[in-house]
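*Asks:* model the following, please.
(chains A and B)
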Amino acid sequence: MPLDASFVGRTWPAETYEVALEKIREFATAVGADDPVHHDRDSARAAGHPDVVAPTTFAVVFTWPATKRVVDDPALGLDFSRVIHRDQAVELHRPLHAGDVVTTVVAVDDVRELAGNDVVTFRCDVTDADGEAVLTTTATLVGRAGGDDA
Amino acid sequence: MSALADAAEGDALEPRTATITRADLVRYAGASGDLNPIHWNERVATEVGLPGVIAHGMFTMALAARYVADLAGDPTAVVTFSTRFTRPVVVPDDEAGATVELGGKVTGVADDGTRTVSVTATHGGKGVLGKAVATVRVG
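*Replies:* Coordinates of the predicted model:
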């Protein structure tokens, strides 16, 4: 079943997320990022950051739920029970740190069919409270064809 | 100077072995908010046709990004990281877990010193990340 190609270029209402010190610590611990700039405010400040710094892929904490909201939009027609995460990219314009209040806008960059599978590329543009670009993530999900149950 | 700041185009980076256990997956699930049961529940994983519980692709990506950042000597050095998830990392229900071999090669040095690094991650001799590329600001 082909997806609705008119979704390409569409964006969804922005979501706001407040980056907290303890969440950065928790995520850094989970991925084994033990550098003190992820855990200790004084160390982060000594290194020139305003507060503890998030590891490279931390943004998934808020970009994935924002993307999932779009994935779950029944109008798109993607069967999430059969979805595979195929590609992921992150581009950081500056380090993300505790205290940042960021806004994520999700856009559908591409919808195509490949060997009977639905392939959708989602982009998340993340800006800070001043409206400055912080980072961009891109995720390509594949909805596997065949079968009609979960 | 870090290993990456000293590296020239074509240089291979010192490899690293990362270990992923079930406990790591549970911790990552909680920290990331990705509670998909295929990453912690054997029954659900096998019901959907997987050989067993598999690591989150984003967890493997995080380990690869940290590997590159460590070589750069700066946790904020990795400014872009892109990858394809080519094969799952199956994580057994034991203390040893699964091992992922990480490696890298400098494929470009820009005028400002920024390195482009082609990153490899293999599990059981097969690549689990494809076309993995990091852009790293050094110095």
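*Asks:* buried sites along stretch A:97-109?
*Replies:* A:H97, A:A98, A:D100, A:V102, A:T103, A:T104, A:V106, A:A107, A:V108 (16 or more other Cβ atoms under 10 Å in any protein chain shown). All C-beta atoms are positioned from the backbone trio N, CA, C, and that covers glycine.
*Asks:* helix, strand or coil for the last one?
*Replies:* What that stands for is A:V108. Look at A:V108: counting by DSSP: H, G, I helix; E, B strand; the rest coil, its state is strand.
*Asks:* give me the beta-bridge partners of it?
*Replies:* A:F122 (DSSP bridges).
*Asks:* how about the strands in chain B?
*Replies:* B:12-20, B:78-85, B:98-109, B:115-123, B:126-136 (DSSP state E).
*Asks:* any idea which of those strands gets closest to chain A?
*Replies:* Nearest of those to chain A, taken as Cβ to the nearest Cβ: strand B:78-85 at 3.5 Å.
*Asks:* what angle do that closest one and strand B:115-123 make?
*Replies:* 40 degrees (axes from the mean of the first three to the mean of the last three Cα atoms, to 10 degrees).
*Asks:* and strand B:78-85, how far out from the chain middle?
*Replies:* Centroid separation between strand B:78-85 and its chain, computed with Cα atoms, centre = their mean, to the nearest Å, is 9 Å.
*Asks:* can that strand be said to contact chain A?
*Replies:* Yes. Strand B:78-85 reaches chain A (Cβ under 8 Å from any Cβ of the partner chain) through B:V78, B:V79, B:T80, B:F81, B:S82, B:T83, B:R84, B:F85.
*Asks:* surely the first one touches B:V68?
*Replies:* When you say that, I think you mean B:V78. Yes. With contact defined as Cβ atoms under 8 Å, B:V78 counts as touching B:V68 (5.4 Å).
*Asks:* quick one: common contacting residues for these two?
*Replies:* B:A134, B:V136 (Cβ atoms under 8 Å, 6 or more residues apart in numbering or on different chains).
*Asks:* just to revisit the earlier point, closest to A:A129 out of the strands of chain B?
*Replies:* Closest to A:A129 of these is strand B:78-85 (Cβ to Cβ; 21.5 Å).
*Asks:* switch the strands of chain B over to a markdown table; also include mean neighbour count and distance to A:A28.
*Replies:* Formatted as a markdown table, the strands of chain B follow (neighbours: other Cβ atoms under 10 Å in any protein chain shown; distance: least, Cβ to Cβ, whole Å):
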| stretch | mean neighbour count | distance to A:A28 |
| --- | --- | --- |
| strand B:12-20 | 15 | 15 |
| strand B:78-85 | 22 | 14 |
| strand B:98-109 | 18 | 18 |
| strand B:115-123 | 21 | 20 |
| strand B:126-136 | 20 | 18 |
